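*Asks:* Sequence and predicted structure are below.
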Amino acid sequence: MAVSVKICGLTEATGLSAAVEAGARYVGFVFFPKSPRNVTPETAAGLAVQVPLGVAKVGLFVNPDDAALDAVLSRVPLDIIQLHGSESPDRVAEVKSRFGLPVMKAVGISEPQDLDALWDYGLVADMLLIDAKPSQNATLPGGNGLAFDWRLLAGRQILKPWLLAGGLTPANVAEAIRLTRAPGVDVSSGVESAPGIKDPARVRDFIARATAPIL
Ligand SMILES: O=C(O)c1ccccc1NCC(=O)[C@H](O)[C@H](O)COP(=O)(O)O
């Protein structure tokens, strides 16, 4: 089956249309004020109307309370909630039931024992985003252009549909897919010309390489 691609951290129409036209299956909007990719609900709502059916609109949140989720969901027709903080499995289940949308939980990996969380979150989330664990001095929990050792995932059974993330670029995405057999990939900084601004040519190149047949 073709690899699914998520382009995350879209803030403007040019990057969004490049992603959609090149075949992205998911587009991500970041609702986290500390991020250079943060969008207001109004901006996201304006972008969301340009997303065709068949492309899922993912809203990314970091440890949101219900009010923060309500504030966005009342304005933006999201299809999936991505939780990218330290939300517990119970909180993932609560968000899923309270808001009635699929939840994608990000799990940070840097060493073998981090893989245990994939089981815990796999029991409650609809999808997993397997990302690099940020370094201790990182200011953002994601979008850092940092990769983890993909060999940790080789041969591993994952309970739910999942996307590989962290430090992916047009140059390395095919190798990452080959090593992990990821059914989908997610990228943010690896296709940017500046933080928060996607480079359409890099977006197209990334999607073409991610979806090319594996040799
Ligand atoms: O991208 C951000 O600014 C961000 C901020 C806060 C939490 C998560 C964030 N990004 C999460 C993503 O889903 C990224 O696409 C993922 O971490 C991969 O990022 P990159 O290594 O830059 O491709």
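*Replies:* Structure received.
*Asks:* For the residue in the chain that the ligand sits nearest to, what are phi and psi?
*Replies:* Per C-beta to the nearest ligand atom, G143 is where the chain lies closest to the ligand, at 2.2 Å. Using the backbone N, CA and C atoms, a C-beta is placed for each residue, glycine as well. Main-chain dihedrals, G143, degrees, to the nearest 10: phi 70, psi 30.
*Asks:* Might you report the residue contacts of it?
*Replies:* Residues near G143 by C-beta atoms under 8 Å, 6 or more residues apart in numbering: 8-9, 30, 35, 37, 188-189.
*Asks:* Spatially nearest residue to it (excluding sequence neighbours)?
*Replies:* S188 (4.5 Å; C-beta to C-beta, 6 or more residues apart in numbering).
*Asks:* And the pLDDT at that neighbour?
*Replies:* pLDDT recorded at S188 is 98.
*Asks:* Check R209 too.
*Replies:* pLDDT for R209: 98.
*Asks:* For burial, what's the neighbour tally of it?
*Replies:* Look at R209: counted by other C-beta atoms under 10 Å, it has 20 neighbours.
*Asks:* shouldn't it be in contact with A176?
*Replies:* No - with contact defined as C-beta atoms under 8 Å, R209 does not count as touching A176 (10.1 Å).
*Asks:* How about the residues of this protein by the ligand?
*Replies:* Applying C-beta under 6 Å from any ligand atom, we find that the chain lies next to the ligand at 8-9, 28, 30, 32, 35, 37, 60, 62, 84, 129, 131, 140-146, 165-168, 186-190.
*Asks:* May I see the ChimeraX selection of the buried members of these?
*Replies:* In ChimeraX syntax, the buried subset of those is picked out as below (16 or more other C-beta atoms under 10 Å):
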select :8,9,28,30,32,35,37,60,62,84,129,131,140,141,142,143,144,146,165,166,167,168,186,187,188,189,190
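*Asks:* Which ones among the residues of the chain next to the ligand lie within strands?
*Replies:* 28, 30, 60, 129, 131, 186-187 (DSSP state E).
*Asks:* As CSV, those with distance to S4 would be great.
*Replies:* As requested, those are exported to CSV (distance: C-beta to C-beta, whole Å):
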residue, distance to S4
G28, 13
V30, 19
L60, 17
L129, 12
D131, 16
D186, 9
V187, 12
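*Asks:* Sketch out the low-pLDDT regions of this protein for me.
*Replies:* For the chain, the stretches flagged by pLDDT under 70 are 215.
*Asks:* how about the strands of the protein, start to end?
*Replies:* Assigned by DSSP E, the chain shows strands spanning 4-7, 26-30, 56-61, 80-83, 103-109, 127-132, 162-164, 184-187, 192-194, 197-198.
*Asks:* got the contact list for the third one?
*Replies:* With contacts defined as C-beta under 8 Å, 6+ apart, strand 56-61 is touched by 6, 8-9, 25-32, 44, 48, 51, 68-69, 72-73, 76-85, 104, 142.
*Asks:* what does stretch 162-173 give?
*Replies:* With C-beta under 8 Å, 6+ apart as the test, stretch 162-173 has contacts from 4, 6, 8, 26, 104, 106, 109, 127-132, 142, 144-148, 150, 153, 176-177, 180, 182-188, 190-191, 202, 205-206, 209-210.
*Asks:* about what we covered before: can you tell me which of the ones in strands among the residues of the chain next to the ligand lies nearest to F99?
*Replies:* F99 has its nearest neighbour among those in L60, at 14.3 Å by C-beta to C-beta.
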